[in-house]
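> Take a look and give me a structure for this.
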Amino acid sequence: MDSSRPVVRGRVSLASSLLIALVLAACAARLPRLVPPSGGIEAVEGFGSASIAGAEASLKGKFGFVFRAPELGRVEAVDPIGRTVFVIVFRDGRAWFALPGRKVYAEDDAETMMERFLGLALRPGEVIHLISGAWPDEGGRWGIERDPEGRVVRGVDGEFSFAVRSFFPGDAVPHEIGLEGPTASGRVKVLKLGFNPEPRAEAFDTAFLRAYAPKTWDEILELLDR
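Model prediction:
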């Protein structure tokens with residue numbers, strides 16, 4: 001993998017799209033039992049938190065997400081009073097990072113944008129595997145390690161790796177995942193997760209960007225640093 005890809009500079013504050021009271025309640029409650037559907041996983045939807053740090057990156061907070069195999073995804077963060085901080089839409093190998101408050105966006109390939117967000121160069125379909133714990137037996141391009149119970153506990157792809165630190169009660173669904181890349185490292189916690197939600201094409205629609213101005217990634221970084 002190319003280790004020279006830029007990552008987000010400065011500090012980006014994230015918050016979940018849940019109401020704050022609901023987020024606090026979910027964090028405090030006992031972890032639910034999660035069992036992936038036997039018919040396979042085509043999509044995941046839920047809420048999580050990230051803490052990613054590196055030489056150029058620092059992200060910490062909560063976010064909502066939905067990913068649908070093989071190429072669709074959406075990540076959305078809002079501030080504590082419900083305003084959207086940023087939206088990332090993934091579709092057909094591309095990704096758009098939008099700042100609704102500024103009416104601007106930057107476009108790049110999906111893996112590069114995912115690395116900027118998580119520190120791992122993942123495709124949307126691989127995010128589904130990572131969050132659900134349901135990797136194909138061969139692991140694709142990722143070298144997968146399993147524990148004696150058959151749960152995926154680690155994956156390596158060149159300079160990128162992940163390690164599952166804890167699981168939800170049930171059947172091998174990760175709760176906390178450690179992430180390591182050449183320029184950033186940290187962890188993601190899945191706070192709430194649902195499998196195979198009803199398709200919602202509007203979640204991945206980029207028509208709203210017609211009212212936004214295109215920017216380079218460096219220009220987006222300047223706005224984030226302000």
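> What segments of the chain are helices?
Taking DSSP state H, the helices of the chain run over residues 20-28, 110-118, 124-132, 217-225.
> Do I have it right that residue 212 meets residue 106?
No. The pair residue 212 and residue 106 does not pass the contact test of C-beta atoms under 8 Å, sitting 10.0 Å apart. Where C-beta positions appear, they are placed from N, C-alpha and C, glycine not excepted.
> who's more crowded, those two?
Remark: of residue 212 and residue 106, residue 106 carries more neighbours, 21 against 16, as counted by other C-beta atoms under 10 Å.
> State the distance from the more buried one to residue 87.
Here residue 106 is placed at a distance of 12 Å from residue 87 (C-beta to C-beta, to the nearest Å).
> ok so, going back, got the helices of the chain as JSON lines, with distance to residue 158 and mean neighbour count columns?
As requested, those are exported to JSON lines (distance: least, C-beta to C-beta, whole Å; neighbours: other C-beta atoms under 10 Å):
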{"stretch": "helix 20-28", "distance to residue 158": "34", "mean neighbour count": "13"}
{"stretch": "helix 110-118", "distance to residue 158": "12", "mean neighbour count": "24"}
{"stretch": "helix 124-132", "distance to residue 158": "14", "mean neighbour count": "23"}
{"stretch": "helix 217-225", "distance to residue 158": "22", "mean neighbour count": "15"}
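> can you pull out the strands in this structure?
11-14, 43-54, 58-68, 72-78, 84-91, 94-99, 104-109, 143-146, 152-157, 160-167, 174-180, 184-195, 213-214 (DSSP state E).
> just to revisit the earlier point, overlap of the contact sets of residue 106 and residue 87?
Each of residue 97 lies in contact with both residue 106 and residue 87 under the rule C-beta atoms under 8 Å, 6 or more residues apart in numbering.
> for the nearest residue to residue 59 once chain neighbours are set aside, what are its contacts?
Ranked by C-beta to C-beta, 6 or more residues apart in numbering and with sequence neighbours excluded, the top spatial neighbour of residue 59 is residue 52, at 4.5 Å. The neighbourhood of residue 52, defined by C-beta under 8 Å, 6+ apart, consists of 58-60, 117-119, 179, 184-187.
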